[in-house]
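Asker: the sequence isn't on hand, but the structure is:
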C-alpha cells in the first residue's frame, strides 16, 4: 500500500450530484479514512460549455449533508491547489509544451468539418470512428508556419501504433488493451482548455494522488493516461474501477427509468444515513450478514478487495427498507425535531401548532408504520386535522343504521370521565356495547371511521387518547351529521 494514501473525487460541475458520483465520492472517502489518508475534492471544469451555475456550491453542500467531508479542496485550501481546473491553465500549457517538444504530442489543424467527413466514411466502411492521424507527422517548419498564420489547432497525444498495454486494476486484476483501438486523443482544445485526459494526469501527479478510484466508464481511457504518465516520466498511481450502476432490468442507471440525483432522494425525505448505507452496498459488501452501517462503521469495514466487478442493481425497495430501519434507530427527540421541521414547511392547516408531547404521541403511534418522516403526516393526517371526508368503502360496510345511536350512547358514556385515558376510552365502549347488546366490533370500526375517516391505522384507543375527550366527541358528532 503506497503511503501516504491520497485519493480524490473530481466531478464536473454540470448539474446535480448523480448517485453514481456519490458512490465514487463515498468509496474514496472511506478508503482514505480507513487508511488514515487524505480525501481531496477537485473540480474538473475544463468543459466550459457544460458548466451549470451554482453546481459547485450544490455539490459541496450535498457532500457535506451526506457527511462526506474532504480534507483539501475549494474553500478549504491545501498545499496542492488551486483545486479548480479552470484556475490551473498555465500549469497545463507548460506540460503540453513539454510533450510537443519531446515529440510525444502534436498540433492538429483538421477542421471539425473534415473530422466529421472522416468519421462518416469510417462508419460507412463499418470501421470504428477515430482520427486518421493526418497531422501526426507534419514537419515542424509547417506546423510553425501554420500557427504563425493564425490557423486554429488542437494538440493531440501520440499513441503507439502497435503493441498493447497491460496494467493492474485493484478490482479487475490484469487489464490488457491493444494500442490500435486507442485514438490520438486531443489533450489541449483550440480554446486553450485541456481535455480531461491531460488535466487528470497532471493534477493527479501534482496533487500526489496515490490511488485513482473511479467509475468503470473510465476504464478504456486508463491506457491513455498511463501513456501520459510514462511520457512525463512519472510514477503511475494504483487504479480501481468501480462497477456500473444498473436499473432492475440490468440497463445502465439513467434518468429515463427513475431519479438519479442525490438531491431528488433528499427532497423526497430519505435520510442521509440510509442513502449513504445504501450507496455503500452498490458494489461492496462487508463479507458477513451485516446490512445496517453508520459512516463510522463503514470506514472501519471498507476495503477495495470487497468491491465486485459485476454491475450493481439499484433496488429502490432496499433503499426504502434501509430508510425505515435508520428512522427506527433514531431517538424520539430526533424524530420529533424532524417532524417539526417538516410541519413548519407545510401550508397552514386547521391547527397551526402542536405541542411536543402531542407530537411524541403521534410518533409513538406511527413508529412501525412510517418509512419517511412525512408519513407521520401522510399516513395519519387525522392526528393533525379532523377528517373532511370518510372512506366510502368502509362507510358502506361498517356504518349501519344503528351506528348513530350507538355512537351517541358512547359520547354519553365518555361524559362520565373528566379526563379519560386509554383504559377509560375502552371501558366506555365496552359498557355501551354491552348495554345495547352489541359486540365491541360493532362499535370499534364505525368509531375509527368517525374520528379518522379511514378504516385502518394504529390502535383505536391510542388514537382516541391522543385526540382527547373533547376532540373525539366533536368528531363523532360531525361524522353522525355527515354520514347519517
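Answerer: Yep, it's here. Predicted, not measured: the structure shown is a model, and the values here were computed from it. Numbering: from 1, shown residues only.
Asker: can you give me the helices in the stretch 301-450 of the chain?
Answerer: Along the stretch 301-450 of the chain, counting by DSSP state H, counting those that start in this stretch, helices occupy 316-329, 332-345, 356-366, 375-378, 392-398, 403-414, 422-435, 441-452.
Asker: how about the residue located most distally from the centre of the chain, nearest residue that isn't a chain neighbour?
Answerer: Most distant from the centre of the chain: residue 435, at 58.8 Å, with distances by CA atoms, centre = their mean. Nearest residue to residue 435, sequence neighbours excluded (CB to CB, 6 or more residues apart in numbering): residue 409, at 7.0 Å. For the C-beta atoms, the positions are set from N, CA and C on the backbone; glycine is no exception.
Asker: my guess is that neighbour contacts residue 436. True?
Answerer: Yes: using CB atoms under 8 Å, residue 409 is in contact with residue 436, at 6.6 Å.
Asker: these two - which one has more neighbours?
Answerer: Set residue 409 next to residue 436 and count neighbours by other CB atoms under 10 Å: residue 409 wins out with 19 against 15.
Asker: residues touching stretch 355-373, excluding its own?
Answerer: Applying CB atoms under 8 Å, 6 or more residues apart in numbering, the contact partners of stretch 355-373 are 268-270, 320, 323-324, 327-328, 332, 335-336, 338-340, 342, 375-376, 379-380, 383, 457-459, 462-463, 465-466.
Asker: swap in stretch 179-199?
Answerer: Residues contacting stretch 179-199 (CB under 8 Å, 6+ apart): 44, 46-48, 85-86, 88-89, 92-93, 95-96, 99, 105, 108, 128, 130-131, 133, 136, 152-165, 202, 221, 223-225, 228.
Asker: report the buried members of these.
Answerer: 44, 46-47, 85-86, 88, 92, 95-96, 99, 105, 108, 130-131, 133, 153-159, 165, 202, 221, 223-225, 228 (16 or more other CB atoms under 10 Å).
Asker: just these: which are in strands?
Answerer: Cross-referencing these against strands under DSSP state E gives 105, 108, 154, 155, 156, 157, 165.
Asker: OK, contacts around the residue sitting nearest the centre point of the chain?
Answerer: Closest residue to the average C-alpha location of the chain: residue 262 at 3.0 Å, with CA atoms, centre = their mean. Contact partners of residue 262, counting by CB under 8 Å, 6+ apart, are 16, 17, 18, 19, 21, 22, 62, 66, 275.
Asker: which members of those residues occur in helices, if any?
Answerer: Counting by DSSP state H, the part of the contacts of residue 262 found in helices is 19, 21, 22, 62, 66, 275.
Asker: neighbours of the nearest residue to residue 388 once chain neighbours are set aside, how many?
Answerer: Closest residue in space to residue 388, ignoring its immediate chain neighbours: residue 453 at 7.5 Å, by CB to CB, 6+ apart. By other CB under 10 Å, the residues close to residue 453 number 20.
Asker: can you offset everything so residue one is 44?
Answerer: All set: I'll call the first residue 44, so the last point we hit is now residue 496.
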